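S.K.: Below are the sequence and a predicted model; questions follow.
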There are 2 protein chains.
Amino acid sequence: MKELSRQRCHGGWQCVYSHASESTGTEMRFSAYLPPQAGHAKVPALYFLAGLTCTEETFMIKAGAQRLAAELGLMLVACDTSPRGLDLPGDAEHWDFGVGAGFYLDATEAPWAPHYRMGRYIGEELPALVEAQLPAAADRRGIFGHSMGGHGALVTALRQPQRWQSVSAFAPIANPVAVPWGQKAFSRYLGADTSRWGEWDASLLMERRPYPGTILVDQGLADAFLERELHPRALQDAAGRSGQSLQLRLHEGYDHSYWFIQSFIADHLRHHAGQLAA
Amino acid sequence: MKELSRQRCHGGWQCVYSHASESTGTEMRFSAYLPPQAGHAKVPALYFLAGLTCTEETFMIKAGAQRLAAELGLMLVACDTSPRGLDLPGDAEHWDFGVGAGFYLDATEAPWAPHYRMGRYIGEELPALVEAQLPAAADRRGIFGHSMGGHGALVTALRQPQRWQSVSAFAPIANPVAVPWGQKAFSRYLGADTSRWGEWDASLLMERRPYPGTILVDQGLADAFLERELHPRALQDAAGRSGQSLQLRLHEGYDHSYWFIQSFIADHLRHHAGQLAA
């Protein structure tokens, strides 16, 4: 693991790292904010998964999370949204598929399967690396994300609830098998057999097996993608059927942007800090 | 004035506007954050001037200022760093001169004089527009900025102290007549006669006539531009000679970035809110 930069921020350090990833077969970058408390002890780590077209920088620059993370003693980790630099056929033709659009799953179809394994990367490889190389406590992991990354956070925690002690999402793609973004990505990464898609759909996973903790989800009601792509109601219905504790908050006037995220980031950090301290 | 966007943020509105500027003869953009309090009353407005290469977006995205501005009831206004789209000879050859590098002064030399009048734009035109079109109180204006914009904020307030009730700066170019960035820009915008440069130099202005209020300046000690370009000691010396009340804070380990700015933004907003409420 190489440290590409390290800058003082709120008494801690804002850093960028790169490493050769087994999961993707590429060099991957991630950002980490190390709070002041990480200077003398292991701290809980909270992973953020960003949305379509974003990189490991987006959340750190736009969400305004470091101030409160420093106060709460939370490490923040933000990864990239796909492998890069592969030049696979068709990987750069669409903003919502391929580069910048890995959907945090493990592809099974050619040519994606050997590289587009972001599910394994987030679920296993990145936490193992962070816990080996940075002062992150291995038994206190949280995960959250936005849009495609909200989908990724929910799915990652629902698939391996024993590995994730807290989870939340901003405007997640809550039922990808039922919407255009999800259908486009899943049909290419996972193939035409839709019976296999449910392994990567938060609403379908939650209906089968609820996550053992409250899940916080914020959604803006002026979000241009709400009706077509996000479907928080499907998540709410699944929670109702399975007994999942879900706090879904709908916010009048807020859209899909990081202005929305920064408006409610403090509630998410406190949600995670509470569960990770418990 | 055209409203280009308007998005909910922390209970208020994050907006972008454009207008035809008399000062520059171009279309100029600015961003404004309207806090919730601006929905029912005029509020104090705090103007931020950004550094070299930045735009009207930079501060709003990177400084993390909106949360506390919403709490304190401060409007934030961030303008561009120069006119754009003129294609004057040589205006795009250097990152530290011309486009993105207007230095917040009024040029006297060809071909810059008819357009590079950012001094007048910030000092007069933009506040008049904001106060006519947005719920900004005309008698409670604050100004601050970073690097080239820290220079701009100090100079703007020192030149017209009756118009600005509060002023602060992050890592300002504190004595531009004595450093490479300032000499390059001033020799081109203002000509070879260095006796005219002092009208736009914070340390020289402050030595002649202190600002009637405390000025807050933060400076990182790991700032790569500190020794060569910034010279906060010149400002401190000028303050000592003129009796200026100056709070210069030096921060171990912090650099020139917005990670530094976001670490101390809350202190600046409280400094301004205190003076603007008085």
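M.R.: Thanks, I have it.
S.K.: contacting residues around residue A:20?
M.R.: A:26-28 (Cβ atoms under 8 Å, 6 or more residues apart in numbering or on different chains). (Glycine included, C-beta is placed from N, CA and C.)
S.K.: Quick one, which of those residues are buried?
M.R.: residue A:28 (16 or more other Cβ atoms under 10 Å in any protein chain shown).
S.K.: in its sheet, what does the longest strand along chain A sit against?
M.R.: As assigned by DSSP state E, the longest strand anywhere in chain A is strand A:136-146. In the sheet, strand A:136-146 lines up against strand A:43-49 (parallel), strand A:166-170 (parallel) (DSSP bridges).
S.K.: want to try TSV for those strands, with mean pLDDT and distance to residue A:229 as columns?
M.R.: As requested, the strands paired with strand A:136-146 are exported to TSV (pLDDT from 0 to 100; distance: least, Cβ to Cβ, whole Å):
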stretch	mean pLDDT	distance to residue A:229
strand A:43-49	98	16
strand A:166-170	98	14
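S.K.: before we move on, the earlier item: let me know the closest of the contacts of residue A:20 to chain B.
M.R.: Chain B has its nearest neighbour among the contacts of residue A:20 in residue A:28, at 22.3 Å by Cβ to the nearest Cβ.
S.K.: Number of residues surrounding the closest residue to that closest one other than its chain neighbours?
M.R.: Closest residue to residue A:28 apart from its sequence neighbours, by Cβ to Cβ, 6 or more residues apart in numbering or on different chains: residue A:21 at 4.3 Å. If you count neighbours by other Cβ atoms under 10 Å in any protein chain shown, residue A:21 ends up with 23.
S.K.: ok, residue A:21 to residue A:101 distance?
M.R.: Using Cβ to Cβ, to the nearest Å, we find residue A:21 at a distance of 17 Å from residue A:101.
S.K.: do the same with residue A:235
M.R.: Distance, residue A:235 to residue A:101, using Cβ to Cβ: 21 Å.
S.K.: These two: which has the busier surroundings?
M.R.: Using other Cβ under 10 Å as the criterion, residue A:235 and residue A:101 rank with residue A:235 on top: 26 against 23.
S.K.: contacting residues around the more buried one?
M.R.: Here residue A:235 is in contact with A:154, A:172, A:174-175, A:202-203, A:206, A:217, A:246, A:248 (Cβ under 8 Å, 6+ apart).
S.K.: Just put those in a markdown table and tack on neighbour count and secondary structure.
M.R.: Rendered in a markdown table, the data for these read as follows (neighbours: other Cβ atoms under 10 Å in any protein chain shown; DSSP: H, G, I helix; E, B strand; the rest coil):
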| residue | neighbour count | secondary structure |
| --- | --- | --- |
| A:154 | 30 | helix |
| A:172 | 32 | coil |
| A:174 | 29 | coil |
| A:175 | 23 | coil |
| A:202 | 31 | helix |
| A:203 | 27 | helix |
| A:206 | 28 | helix |
| A:217 | 26 | strand |
| A:246 | 19 | strand |
| A:248 | 16 | strand |
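S.K.: Kindly reformat those residues as JSON lines containing pLDDT and distance to chain B.
M.R.: Formatted as JSON lines, the contacts of residue A:235 follow (pLDDT from 0 to 100; distance: Cβ to the nearest Cβ, whole Å):
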{"residue": "A:154", "pLDDT": "98", "distance to chain B": "24"}
{"residue": "A:172", "pLDDT": "98", "distance to chain B": "19"}
{"residue": "A:174", "pLDDT": "98", "distance to chain B": "21"}
{"residue": "A:175", "pLDDT": "98", "distance to chain B": "25"}
{"residue": "A:202", "pLDDT": "98", "distance to chain B": "25"}
{"residue": "A:203", "pLDDT": "98", "distance to chain B": "26"}
{"residue": "A:206", "pLDDT": "98", "distance to chain B": "28"}
{"residue": "A:217", "pLDDT": "98", "distance to chain B": "18"}
{"residue": "A:246", "pLDDT": "98", "distance to chain B": "23"}
{"residue": "A:248", "pLDDT": "98", "distance to chain B": "18"}
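S.K.: Distance to residue A:61 for those residues - can I get that in JSON lines?
M.R.: What follows is those, written out as JSON lines (distance: Cβ to Cβ, whole Å):
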{"residue": "A:154", "distance to residue A:61": "24"}
{"residue": "A:172", "distance to residue A:61": "21"}
{"residue": "A:174", "distance to residue A:61": "26"}
{"residue": "A:175", "distance to residue A:61": "30"}
{"residue": "A:202", "distance to residue A:61": "27"}
{"residue": "A:203", "distance to residue A:61": "31"}
{"residue": "A:206", "distance to residue A:61": "31"}
{"residue": "A:217", "distance to residue A:61": "23"}
{"residue": "A:246", "distance to residue A:61": "30"}
{"residue": "A:248", "distance to residue A:61": "27"}
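S.K.: so what's the closest residue to chain B within the stretch 51-200 of chain A up against?
M.R.: Nearest residue of the stretch 51-200 of chain A to chain B (Cβ to the nearest Cβ) works out as residue A:64 at 3.9 Å. Counting by Cβ under 8 Å, 6+ apart, residue A:64 makes contact with A:262, A:265, B:64, B:66-67, B:262.
S.K.: Next one: it, what pLDDT does it get?
M.R.: Listed pLDDT for residue A:64 reads 97.
S.K.: Look up which helix or strand it falls in, please.
M.R.: Per DSSP states H and E: residue A:64 is located in neither a helix nor a strand.
S.K.: repeat for the one 3 residues further on
M.R.: Counting by DSSP H and E, the element that carries residue A:67 is helix A:66-72.
S.K.: do the same with residue A:132
M.R.: Going by DSSP H and E, residue A:132 is in helix A:126-133.
S.K.: Off-centre distance for that helix?
M.R.: Relative to the centre of its chain, helix A:126-133 is centred 16 Å away, using Cα atoms, centre = their mean, to the nearest Å.
S.K.: before we move on, what about stretch A:29-49?
M.R.: 15 Å.
S.K.: go on, stretch A:235-247?
M.R.: On Cα atoms, centre = their mean, the centre of stretch A:235-247 falls 20 Å from the chain's centre.
S.K.: Going by neighbour count, which residues in that stretch are buried?
M.R.: In stretch A:235-247, counting by 16+ other Cβ under 10 Å, buried: A:235-239, A:242, A:244, A:246.
S.K.: In CSV: those, plus secondary structure.
M.R.: Shown next, in CSV, are the buried residues of stretch A:235-247 (DSSP: H, G, I helix; E, B strand; the rest coil):
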residue, secondary structure
A:235, helix
A:236, helix
A:237, helix
A:238, helix
A:239, helix
A:242, helix
A:244, coil
A:246, strand
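S.K.: picking up where we left off before, packing partners of the helix holding residue A:132?
M.R.: Helix A:126-133 sits against strand A:27-34, strand A:43-49, strand A:75-79, strand A:136-146, with contacts defined as 3 or more Cβ pairs under 8 Å, 6 or more residues apart in numbering or on different chains; DSSP states H and E.
S.K.: what mean pLDDT does the first one have?
M.R.: Think strand A:27-34. Mean per-residue pLDDT for strand A:27-34: 98.
S.K.: Out of the contacts of residue A:64, which two sit at the greatest distance?
M.R.: The most widely separated members of the contacts of residue A:64, counting by Cβ to Cβ, are A:265 and B:262 (13.0 Å).
S.K.: For the spatially closest residue to residue A:79 that is not a sequence neighbour, grab the count of nearby residues.
M.R.: Spatial nearest neighbour of residue A:79, chain neighbours left out: residue A:30 (4.5 Å); criterion: Cβ to Cβ, 6+ apart. Residues contacting residue A:30 under the criterion other Cβ under 10 Å number 23.
S.K.: gap between residue A:30 and residue A:134?
M.R.: Between residue A:30 and residue A:134 the distance is 10 Å, computed by Cβ to Cβ.
S.K.: what's the answer for residue A:120, then?
M.R.: From residue A:120 across to residue A:134, the span is 20 Å (Cβ to Cβ).
S.K.: what do you get for residue A:152?
M.R.: As for residue A:152, its distance to residue A:134 is 21 Å (criterion: Cβ to Cβ).
S.K.: Kind regards, and thank you for your time.
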